[in-house]
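Novice: predicted model, plus sequence, below.
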Protein chains: 4
Amino acid sequence: MAGSTFGTIFKVTTWGESHGKALGVVIDGCPAGLSLCAEDIQPYLDRRKPGQTSISTPRKESDQVEILSGIFEGKTTGTPISLMVPNTSQKSSDYSEIASYYRPGHADYTFDSKYGFRDYTGGGRSSGRETIGRVAAGAIAIKILKEMGITITAYTKSIGSITIDMSHFNKEAICHTATCMPDEAADQKAMAYLKECMAQKDSSGGIIECIVAGLPAGIGDPVFEKLDANLAKAIMSIGAVKAVEIGDGISVSTAVGSKNNDAFTNADGTVTKKTNHAGGILGGISDGSQIILRAHVKPTPSIFSIQETVNKDMENIEIAIKGRHDPVIVPRAVVVVEAMTALTILDACMMNMTARLDYLTKFYN
Amino acid sequence: MAGSTFGTIFKVTTWGESHGKALGVVIDGCPAGLSLCAEDIQPYLDRRKPGQTSISTPRKESDQVEILSGIFEGKTTGTPISLMVPNTSQKSSDYSEIASYYRPGHADYTFDSKYGFRDYTGGGRSSGRETIGRVAAGAIAIKILKEMGITITAYTKSIGSITIDMSHFNKEAICHTATCMPDEAADQKAMAYLKECMAQKDSSGGIIECIVAGLPAGIGDPVFEKLDANLAKAIMSIGAVKAVEIGDGISVSTAVGSKNNDAFTNADGTVTKKTNHAGGILGGISDGSQIILRAHVKPTPSIFSIQETVNKDMENIEIAIKGRHDPVIVPRAVVVVEAMTALTILDACMMNMTARLDYLTKFYN
Amino acid sequence: MAGSTFGTIFKVTTWGESHGKALGVVIDGCPAGLSLCAEDIQPYLDRRKPGQTSISTPRKESDQVEILSGIFEGKTTGTPISLMVPNTSQKSSDYSEIASYYRPGHADYTFDSKYGFRDYTGGGRSSGRETIGRVAAGAIAIKILKEMGITITAYTKSIGSITIDMSHFNKEAICHTATCMPDEAADQKAMAYLKECMAQKDSSGGIIECIVAGLPAGIGDPVFEKLDANLAKAIMSIGAVKAVEIGDGISVSTAVGSKNNDAFTNADGTVTKKTNHAGGILGGISDGSQIILRAHVKPTPSIFSIQETVNKDMENIEIAIKGRHDPVIVPRAVVVVEAMTALTILDACMMNMTARLDYLTKFYN
Amino acid sequence: MAGSTFGTIFKVTTWGESHGKALGVVIDGCPAGLSLCAEDIQPYLDRRKPGQTSISTPRKESDQVEILSGIFEGKTTGTPISLMVPNTSQKSSDYSEIASYYRPGHADYTFDSKYGFRDYTGGGRSSGRETIGRVAAGAIAIKILKEMGITITAYTKSIGSITIDMSHFNKEAICHTATCMPDEAADQKAMAYLKECMAQKDSSGGIIECIVAGLPAGIGDPVFEKLDANLAKAIMSIGAVKAVEIGDGISVSTAVGSKNNDAFTNADGTVTKKTNHAGGILGGISDGSQIILRAHVKPTPSIFSIQETVNKDMENIEIAIKGRHDPVIVPRAVVVVEAMTALTILDACMMNMTARLDYLTKFYN
């Protein structure tokens, strides 16, 4: 199993390589009756497409989505929605050298180990372009969630050691800063740091944070299908993510219970929590507070400085990667985190609709 | 879906509540021909059972496993293995008060939100005793992996701010220190810290680290079924885990590419990495180095100090939890991390057996 | 994968062998809030248990079900329900001879081919006792469906060439005739025929028919998860079933369209069909008419007359099977057909609850 | 869930409507290293495409397959293979009338019931064109199975009451007779009968038989994932199939055990069966004989004679369907049966590779 399918009811299957004819996704299990056109999806693809800022690959790709099925007279029919984004600017000639060795930090060696060979043009299936299908499907999930009163917001929390100041949080900035930081001052500092990285032929890691608002309590299942477990899988399945945190995350390991527990309180007749160390999930089930998660993203492995590696003849060699590479993966991955979170949340909401007998008896009587 | 099934080929379904008649697990998809008896499983259950140290609930449970099916003349038959551990020491009378309010940090409120009511005796299905089924199934996975040359070792890396010194690593200590630390000096310090926590009616968090050795390169699938994605889900599905790291984990977000990339080198004719920042996984596929992961575990939510919460009549109240509770979850969760890692790795190894056409043609000709 | 799990949301996992300690089932995904006790399940197990009539194995098994988890204060909690039926009367000594050869019509040879060896006592996992878990789980599905206004009725339609007369249909007779025929006159003839079979050391096949009433239109999914496709799988997965029909079934292949099409008509304001050749399913989705299906069951393979086979030393031998065997499988399989139909229908009803956007927006607003 | 995904390891997801832009399929889990080009797939699509004989819709569709991903330098890479077949000749204008009423025997009413509305152009997703994705994926499965020594042959067994004579079986005739019968004399009679049907504005049903040769014993899993259960689902999921038989099928219900059991015998050192009433499957697992199955296909529901139905205003009306419709579905469904059988068999062969411990230890040591 190549593992390109995600979700149980809202089921998404992606396909495509960096330098193939196209990339795409099939969404099976989308409810009927949703108004949907390419314009609903395109803005999300635009957020991840290359060539928009000084820290993004200048590869020219319009990444225009085409809807091939599942829509009739402007509405989803309940049958599979097939979306395709043609590749228009691939240049395979650039990749001849890469075919002969294993790039450090890339999946070249592991693909060869698994499959016996690999599509070495542009990273093939392990390219960042693989996320196009995720983002296109996520755009639909986000639209459905919005109709359910649930919104998802991801942004760059830090790049290297530059971290946003939450008291300056400005949601609009996410889409107009080059770093996708919701804090313009931090963005400026991060851009300066990234220029330095580029000058040193190096790259930087960073953190993406994502917040889900409006999710009612009760979503997610105990044991293996915990909401946080599925979010962790969804986010860790994004290439370059090496750690996932929920709520206070890593800091719980040095906390004490009296500080980490969130007190419950009656707020205008509903149970709420006074704090949200839990990040909105208790026992794997949403508690009505905001879901908060963070993804730690490694530095772009394609760097221009000299690196040691092995070639196919098992010789130890030194290489310098050519071409055009973002000095940081984080900004373009923000919308991918948003998409994967949306897919996970929507599927969990769907699964929850059979949790109680009276949900069934009301529906069927 | 209550989400109690894990795995695609090696498929595990757990059941049971803290104060029900028993807890158990059904393992479907275990290969035929494995020698298996209760003695193969019991040592793992003994590692998680209560009442063994001064920092563990004195609840008396022998947690004896009984094999109900799937074994014939000492060997697995390929059909489902049903394992059961009877509950012998539950006392429901202790829990009458808890029924009336929501314990902070517990799943009481979220279970009520989801299902309309809850089994309030001992936490019901959200009790730590739920992990009995995981550990019993994991013991079988570990035995199979051992025959494949793959070993899994988990241990306590830190409790509060007390961290082990890897240069003092002593594997034997994992099973004889009360904290499951592989470093007796750190264990002493951690025990002192935990006594202090208890004196203050408080509890502590900590970190569990797990290492997989002997796993060949090529295991795991690109895209959604990445090995690290499935490990993240497996580990985050353990109650109280709030963050999961692979390899360098959270520190990648402040790293630069030239430091984070692992150089490949020819070591006696095989491709190896000079360092292992990646924690043994590149592009979601194992790279032949050790897999390294860490789970950040929150402090035990059951603490004896006064806490604020809401009762079922929506009144704001103050409570003090009674009964017997570990001041730290970490030591007893070590074997659970080991079990969940084993289940994930074995399933991925099984999935990998059809990755190449010549695997099939060799098998069937 | 041993394939012991069935269903997507209402997910059932069975385990156990004919001569093991017990047989059982775990039901994961049962909605919370259903009143449930052993007395709800036992009557269904009683319908399949041996030793009740002259045409049923005199093996003495009380087949008492025990509920091990998932119920709290008389109601399902939404967490896995574990059910166990201990084996009390197995005698392994009877099976020593069978270990040495392959019984014609049984799974002895195929289990050996697959797993390298087999549990030869009483058929192991391929025994008819494997259906205990299905029936116990089915009983719960049937109870839920009843609360949704959906009923399922299976009965023996024919044994050998003796077929019931539908104009004499008497539902009560299903449970008090030895053949489970809803027609006492046909039952008498069938019993006479079965006595003849026994006298000739032979066995008989037959047909089970099952009717689902009260199912609304719209259940089932197009393409691979058609309601009839899932019913076909469910029914064909019962040992000894060799053909499955929906509605007119095999006779459609000799029919013409003008006779086979069912005209739609307005009946008191609802769309209904004037006839029901389709058996209640069009395009894989229920049409509001009764679902009608039939299972063709092969004659009991265990017969007392001389048969040719091969032993483990690859010698051609003649055998005569000893012990106690029903001359017909059909009557005891009736409740199994009912159970498998219920599991399939309930799961399809659950999947259907997310078919339209307004189902979600109504549920979540 | 719209249910458009099939298979566990070799996982196929189809999409597309009769009158949309295209139809297609994504195959995830195809092993790496298979030589594959469009020419491997096209002949199978050609066998089902319209306009080739006097009994096939004259709609002009070239049904040319395009490979969009998953192939590199002529070989499968192990990542998803995306195949697309553009629709070139749809004319939506023909379908305006159909939008207003429910065609008897079609899925119009059930789609409306499920989704609230339907794509009424050419049947939308419930059109026979939906099978394009199945056939394209099946072509790949067939190619892999061939390399494993397994072949699959389907053909028309009967149309109306005209049945082939197996003693005249001529495999070549399957592809050159208009009926896909392997018996030219029967084909002539069937064609005469179909002309008569057309003259009477009526249509005919028929039977498709499929034989799997070369499958070793041991494939398929006990209990719910029996090989025959999965074949039954696969075949019943093809539109218009109303009954599925394995081996002797429906005739087992009137058989006696002494005739129905197949004797085992030593044939040149291997265990074989003297007869094959079982159709190659015992206890859900292949027994090394040929797999034999039959699908009973209903008459084309689109007939030109007057039919009664209901329109959207709930008025009882009479209709006469216009347009161009095959008088029999069977010949064009033959390759679909072949495809679905191949997908099921290949997936079962893949699942079987972990059935024994020594399979794993050999593979990983």
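Specialist: Structure's in. What do you need? Residues are numbered from 1 along each chain as shown, chains lettered A, B, ... in the order given.

Novice: what about the residue in the stretch 51-200 of chain A that chain C sits nearest to, how many residues nearby?
Specialist: Evaluated by Cβ to the nearest Cβ, the stretch 51-200 of chain A has residue A:148 as its residue closest to chain C, separated by 4.2 Å. All C-beta spots, glycine's among them, are computed from the backbone N, C-alpha and C. Residue A:148 has 20 neighbouring residues, counting by other Cβ atoms under 10 Å in any protein chain shown.

Novice: surely it and residue C:364 touch.
Specialist: Yes: using Cβ atoms under 8 Å, residue A:148 is in contact with residue C:364, at 4.2 Å.

Novice: give me the common contacts of these two.
Specialist: The contact sets of residue A:148 and residue C:364 overlap at residue A:349 (Cβ atoms under 8 Å, 6 or more residues apart in numbering or on different chains).

Novice: for the stretch 251-365 of chain A, which segments are assigned as helices?
Specialist: A:257-260, A:330-351, A:357-364 (DSSP state H, counting those that start in this stretch).

Novice: got a pLDDT number for residue A:171?
Specialist: At residue A:171, the model reports a pLDDT of 97.

Novice: ditto for residue A:90
Specialist: 66.

Novice: gap between the residue of the stretch 51-200 of chain A closest to chain C and residue A:354?
Specialist: 17 Å (Cβ to Cβ, to the nearest Å).

Novice: could you do residue A:119 as well?
Specialist: 41 Å.

Novice: the more surrounded of the two?
Specialist: Under the criterion of other Cβ under 10 Å, the comparison of residue A:119 against residue A:354 puts residue A:119 first, with 28 against 25.

Novice: contacts only, for the more buried one.
Specialist: Here residue A:119 is in contact with A:17, A:19, A:20, A:125, D:72, D:77, D:79 (Cβ under 8 Å, 6+ apart).

Novice: now the third one: closest residue in space, sequence neighbours ignored.
Specialist: Across the structure, with Cβ to Cβ, 6 or more residues apart in numbering or on different chains as the measure, the residue nearest residue A:20 apart from its sequence neighbours is residue D:69 (4.7 Å).

Novice: secondary structure class for residue A:140?
Specialist: helix (DSSP: H, G, I helix; E, B strand; the rest coil).

Novice: ok so, going back, need the helices of the stretch 251-365 of chain A in a markdown table with distance to residue D:162, mean pLDDT and mean neighbour count, can you?
Specialist: Conversion of the helices of the stretch 251-365 of chain A to a markdown table gives the following (distance: least, Cβ to Cβ, whole Å; pLDDT from 0 to 100; neighbours: other Cβ atoms under 10 Å in any protein chain shown):
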| stretch | distance to residue D:162 | mean pLDDT | mean neighbour count |
| --- | --- | --- | --- |
| helix A:257-260 | 77 | 97 | 22 |
| helix A:330-351 | 49 | 98 | 28 |
| helix A:357-364 | 45 | 97 | 18 |
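
Novice: what residue ranges in chain A are flagged as low confidence?
Specialist: For chain A, applying pLDDT under 70 flags the ranges A:1, A:90-94.

Novice: pull out the buried positions in stretch A:212-229.
Specialist: A:212, A:215-229 (16 or more other Cβ atoms under 10 Å in any protein chain shown).

Novice: quick one: which of those residues is nearest chain D?
Specialist: residue A:225 (15.9 Å).

Novice: contact residues of the stretch 1-150 of chain A facing chain B?
Specialist: Residues of the stretch 1-150 of chain A found near chain B, taking Cβ under 8 Å from any Cβ of the partner chain as the criterion, are A:1-6, A:8, A:14, A:102, A:104-107, A:109-111, A:113-116, A:125-126, A:130.

Novice: hmm, back to that, narrow the buried residues of stretch A:212-229 to those in helices?
Specialist: A:227, A:228, A:229 (DSSP state H).

Novice: chain B: which of the helices of the stretch 251-365 of chain A is closest?
Specialist: That would be, of those and by Cβ to the nearest Cβ, helix A:257-260, which comes in at 3.7 Å.

Novice: would you put the C-alpha positions of the closest one in CSV?
Specialist: The C-alpha trace of helix A:257-260 is given here as CSV (Å, rounded to 0.1, in the frame of the first residue of the first chain):
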residue,chain,number,x,y,z
GLY,A,257,-0.7,18.7,37.7
SER,A,258,-1.9,21.7,39.7
LYS,A,259,-0.7,23.9,36.9
ASN,A,260,-1.5,21.7,33.9
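
Novice: now do the same contact list for residue A:129.
Specialist: A:16, A:17, A:18, A:23, A:87, A:122, A:123.

Novice: can we see that at 7 Å?
Specialist: A:18, A:23 (Cβ atoms under 7 Å, 6 or more residues apart in numbering or on different chains).

Novice: and it, how close does it get to residue A:136?
Specialist: Taken as Cβ to Cβ, the span from residue A:129 to residue A:136 is 12 Å.
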